[in-house]
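Asker: below are the sequence and a predicted model for it; my questions follow.
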Amino acid sequence: MDPERSNICTADVVIATAGRDEGKLFYVLSAQDGFLQLVNGKDRTLEKPKRKKCKHVQKVLRSETRVAAKLRSGDRVLNSELRRDLAFLSREMQSNDLGGF
């Protein structure tokens, strides 16, 4: 298994590399047994997270935002906060050309 993918944990930001959601950014809600629960606040809300294998995502960064801190601590997070934060990260990645598809 790729060591880059084995160290994905809660509140990391990942990009889907396979499936119909390829190229989309997600927050990791939980990670266990080779599977991740992914949310983005729009298509995949906190009430209905996407279950995806670790090998089908790529870790983008370890987010140090307020939303990430809430996810790690177990505090309540709103879908609108997820959408706003991921949109900001996406714009930042595109302007800095940090990666993506």
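Answerer: Perfect, I can see it now. Numbering: from 1, shown residues only.

Asker: touching, Ala16 and Cys54? I think so.
Answerer: No. Using C-beta atoms under 8 Å, Ala16 is not in contact with Cys54, being 11.6 Å away. In this view, the C-beta of every residue, glycine as well, is placed from N, C-alpha and C.

Asker: which of the helices and strands in the chain ranks last by mean pLDDT?
Answerer: Within the chain, no helix or strand scores below helix 3-6, which has a mean of 54 by mean pLDDT, DSSP states H and E.

Asker: which SSE is immediately downstream of that one?
Answerer: strand 12-16 (DSSP states H and E).

Asker: who are the packing partners of the very next helix or strand once past that next one?
Answerer: Next helix or strand after strand 12-16 toward the C-terminus (DSSP H and E): strand 25-32. Contact partners of strand 25-32 among helices and strands, from 3 or more C-beta pairs under 8 Å, 6 or more residues apart in numbering; DSSP states H and E: strand 12-16, strand 35-39, helix 66-73, helix 79-96.
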